[in-house]
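# Got a predicted structure here, sequence first:
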Amino acid sequence: MSEQNYYEILEVYPAAGREEIETAYRMLLYKYHPDHNSEREEWSHVMTSKVVEAFQCLADPKQRKLYNFQIYCPVKKQAEKRKFLFFQRKQKVQWQAALMHFNAGVVLFTRQKSKAVSKFKEAVHLWPKFPEALFNLGLCLVELKKFEEARSFFNRGKRLNPKGRETYRALRRLDELIK
């Protein structure tokens, strides 16, 4: 996935229909075409490839639903801080190990989903009541198209944090994605 939002690249709203997306695509291809930007040829190639990538994603309904899921349910990059008392040394060590796996999973999230899944699973194994790891694990599984497994992790996170809006949003978006 590109760093910039595909809707911004194509200069359309997220509610845009297929015709609007195609029109914007054609106009931007014309605008960035190397023939019209001979003095900035390298820039025009980069911009054209971004426009093509954005169009390919947004023109396909399934890819667009997955992309919308990714936009509205971003990865949690930090875990909530936890405090431990003096006599809870064992739990603190266990939490720190889980947090180490969580942080490794966050780093791997963008490039290596399957390795990120194993890191988040290890974090949950070490600290079963880790809602951020459960959430990120669900996100990875959605991108790997393992929807039912993702749903189970989102539901576990929802039980741990019933007031967490992100988990409810992710479940709602997951239902839209599956339809």
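All right, it came through fine. Numbers count the residues shown, from 1 in each chain.
# Helices along the chain, start to end?
6-10, 18-32, 41-59, 61-72, 89-109, 113-126, 131-143, 147-160, 165-178 (DSSP state H).
# so what's residue 169 up against?
Applying CB atoms under 8 Å, 6 or more residues apart in numbering to residue 169 gives the contacts 72, 73. Using the backbone N, CA and C atoms, a C-beta is placed for each residue, glycine as well.
# swap in residue 151?
Per CB under 8 Å, 6+ apart, neighbours of residue 151: 138, 171, 174.
# for residue 137, same thing?
With CB under 8 Å, 6+ apart, residue 137 has these contacts: 105, 117, 120, 121, 124, 150, 153.
# Low-confidence stretches in this structure?
For the chain, the stretches flagged by pLDDT under 70 are 1-3.
# Point to the residue nearest the middle of this structure.
Residue closest to the mean C-alpha point of the chain, counted by CA atoms, centre = their mean, is residue 70 at 3.8 Å.
# my read: it touches residue 173, true?
No: with contact defined as CB atoms under 8 Å, residue 70 does not reach residue 173; the gap is 9.4 Å.
# ok, how many other residues are close to residue 58?
With neighbours defined by other CB atoms under 10 Å, the count for residue 58 comes to 25.
# and what of residue 118?
Residue 118 has 16 neighbours, counted by other CB under 10 Å.
# ok, the contacts of residue 137 vs residue 9, which is closest?
residue 150 (27.3 Å; CB to CB).
# ok, now how distant is that closest one from residue 69?
Note on residue 150: its distance to residue 69, by CB to CB, to the nearest Å, is 10 Å.
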